[in-house]
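**Student:** based on what follows, work out the 3D shape:
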Amino acid sequence: MTELLWPATHRLWLVQHALDLLTFGRRTPQPDGGAAWLDEHGRADGAAPTYTWITCRMLHVYCAGALLGVPGSAPIAQRVLTGLTGRLHDDEHGGWHHAVQQDGTPASGKDCYDHAFVLLAASSARQANLAGAADLLERAQRTFLRHFWDEGAGMCVDRWNTEFTECESYRGINANMHAVEAMLSVAGVTGDRAWIERAVQVCRFVVSSAQAHHWRLPEHYDESWRPMLEHNRDRSDDQFKPFGATVGHGLEWARLLLHAEAAQSGEQDGWLFSAATALFERAIGDGWGVDGQPGFVYTTDWDGRPIVRERMHWVVAEAINAAAALYQRSRDERYAALYRTYWDYADEHFIDHELGSWRHQLTSDHQAGDSVWAGKPDTYHAFQAALGPLLPLYPMLTTAIFEGRLA
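**Tutor:** As a prediction, the model looks like this:
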């Protein structure tokens with residue numbers, strides 16, 4: 001069992017919040033498989049495509065729900081999973097489409113971001129013993145290693161064409177970040193420690209790149225892994241590839257480095273912990289309340305000046321989880337205090353106490369916004385913020401629940 005770091009009443013609140021999020025997302029399964037994009041009421045947006053990454057995130061969440069013994073979670077997860085074994089999978093060329101339109105037309109191209117989430121979801125489904133999950137996980141591993149893992153670089157490539165015949169020259173940190181989470185998750189389910197070694201390789205590059213840029217991590221690179229600091233300057237609020245330093249990713253990487261450290265033979269590794277603290281401190285220093293309003297800005301330039309000031313729910317969720325992870329690793333009470341501050345902020349501004357789940361985007365003065373995120377498409381970040389503080393740093397979420405390590 002994880003050492004009890006938080007008061008009993010707070011632990012109960014965290015579990016209840018996770019249960020509330022499971023209730024909110026119950027309408028996520030699509031009739032023909034996959035997960036719907038949910039609106040602010042938790043209803044399926046009938047006009048939106050079915051996205052692979054949304055499907056995988058919600059499959060992961062409801063597999064956790066099934067492992068927690070929450071009635072209804074396993075059937076929801078099973079219905080969502082059929083999207084990955086059905087229409088979201090490309091039976092002709094292999095791999096998974098980014099999305100499928102309502103009329104059945106698939107999006108072009110194959111993205112590492114999506115395939116990293118397929119790995120994560122398949123590992124969670126295997127842990128939850130869903131029908132078809134073992135085969136899905138085997139297929140996901142083969143596809144990822146064949147097309148997205150570059151052994152020579154020790155990093156993941158970003159995007160192929162639909163046929164897997166042409167790989168784009170762009171390389172991205174966002175996809176590699178979620179690949180690290182997936183790799184560590186797969187290792188916990190399969191026992192294959194090569195996935196941990198790959199994850200640590202990626203972490204090593206990230207630490208080096210971040211350190212070279214004063215712990216503001218470049219997101220975009222060319223095919224030789226040289227940073228492209230001006231990339232997407234004209235698309236500063238892009239959902240996945242914005243210009244500049246992404247504050248939330250500094251926080252998310254801080255947590256992932258601690259997971260990677262814990263996954264290695266159980267011994268604490270000073271360089272990963274030091275880098276996690278440096279990334280966290282830079283992110284909160286650049287991002288928290290820097291424009292005179294509470295909350296985290298979305299992005300900054302390379303001198304730490306805010307660019308996109310909108311507040312995103314996933315950023316504060318990652319701040320909560322990172323502060324909890326740093327507290328668990330260090331026992332420094334400052335991280336516990338920050339953890340409480342971020343939960344208070346989330347409760348006041350992002351948790352929707354009337355309609356459920358979290359508002360996904362707010363303006364800098366905390367009004368409703370949807371320039372980047374419309375509705376409440378999934379519960380992945382919020383759900384992990386609720387359960388992360390109750391779990392050890394390794395194994396990852398669903399395996400830790402499976403092993404009975406929820407504190």
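**Student:** so residue 162 touches residue 90, yeah?
**Tutor:** Yes. Between residue 162 and residue 90 there is a contact at 7.1 Å, judged by C-beta atoms under 8 Å. Placement of C-beta: from N, CA and C, glycine included.
**Student:** so what sits against both of the two?
**Tutor:** When C-beta atoms under 8 Å, 6 or more residues apart in numbering defines a contact, the residues bordering residue 162 and residue 90 alike are 97, 106, 110.
**Student:** among those, name the buried ones.
**Tutor:** Buried subset of those (neighbour count, 16 or more other C-beta atoms under 10 Å): 97, 106, 110.
**Student:** which ones are touching the last one?
**Tutor:** Going back to what we said before, that points to residue 110. 90, 93, 95-98, 147, 159-162, 164 are the contacts of residue 110 under C-beta under 8 Å, 6+ apart.
**Student:** per-residue confidence at residue 361?
**Tutor:** pLDDT for residue 361: 97.
**Student:** show me the contacts for it.
**Tutor:** 310-313, 368-373.
**Student:** give me phi/psi at it?
**Tutor:** phi -150, psi 140 (degrees, to the nearest 10).
**Student:** how about residue 50?
**Tutor:** phi -90, psi 120.
**Student:** quick check: the gap between it and residue 104.
**Tutor:** Separation of residue 50 from residue 104 (C-beta to C-beta, to the nearest Å) stands at 10 Å.
**Student:** then residue 319?
**Tutor:** For residue 319 relative to residue 104 (C-beta to C-beta), the value is 39 Å.
**Student:** could you pull out the strands for the protein?
**Tutor:** Using DSSP state E, the strands found in the chain span residues 50-51, 99-100, 110-111, 149-150, 155-156, 159-160, 171-172, 220-221, 245-246, 299-300, 311-312, 361-362.
**Student:** for those, which one sits closest to residue 377?
**Tutor:** strand 50-51 (8.1 Å; C-beta to C-beta).
**Student:** that closest one pairs with which strands, parallel or anti?
**Tutor:** strand 99-100 (antiparallel) (DSSP bridges).
**Student:** residues contacting the strand it pairs with, please?
**Tutor:** Contacts for strand 99-100 (C-beta under 8 Å, 6+ apart): 34, 49-52, 87-88, 106-107.
**Student:** can you redo these as JSON lines with distance to residue 381 and pLDDT?
**Tutor:** Shown next, in JSON lines, are the contacts of strand 99-100 (distance: C-beta to C-beta, whole Å; pLDDT from 0 to 100):
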{"residue": "34", "distance to residue 381": "20", "pLDDT": "98"}
{"residue": "49", "distance to residue 381": "21", "pLDDT": "97"}
{"residue": "50", "distance to residue 381": "20", "pLDDT": "98"}
{"residue": "51", "distance to residue 381": "15", "pLDDT": "98"}
{"residue": "52", "distance to residue 381": "17", "pLDDT": "98"}
{"residue": "87", "distance to residue 381": "26", "pLDDT": "97"}
{"residue": "88", "distance to residue 381": "21", "pLDDT": "98"}
{"residue": "106", "distance to residue 381": "26", "pLDDT": "98"}
{"residue": "107", "distance to residue 381": "23", "pLDDT": "98"}
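**Student:** is it true that residue 39 touches residue 376?
**Tutor:** Yes. Counting by C-beta under 8 Å, residue 39 does reach residue 376; the two are 6.9 Å apart.
**Student:** so these two - more neighbours on which side?
**Tutor:** The residue with more neighbours, out of residue 39 and residue 376, is residue 376; 26 against 17, by other C-beta atoms under 10 Å.
**Student:** that older thread, show only the entries of the contacts of strand 99-100 found in helices.
**Tutor:** Those of these mapping onto helices are residue 52, per DSSP state H.
**Student:** so how do I select the buried members of the contacts of strand 99-100 in ChimeraX?
**Tutor:** To isolate the buried ones among the contacts of strand 99-100 in ChimeraX, judged by 16+ other C-beta under 10 Å, type:
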select :34,49,50,51,52,87,88,106,107
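**Student:** show me where this protein dips below the pLDDT cut-off.
**Tutor:** Counting by pLDDT under 70, the low-confidence segments of the chain come to 1-3, 266-269.
**Student:** now do the helices in the stretch 101-250 of the chain.
**Tutor:** Secondary structure of the stretch 101-250 of the chain (DSSP state H, counting those that start in this stretch): helices located at 112-127, 133-147, 173-190, 194-212, 247-263.
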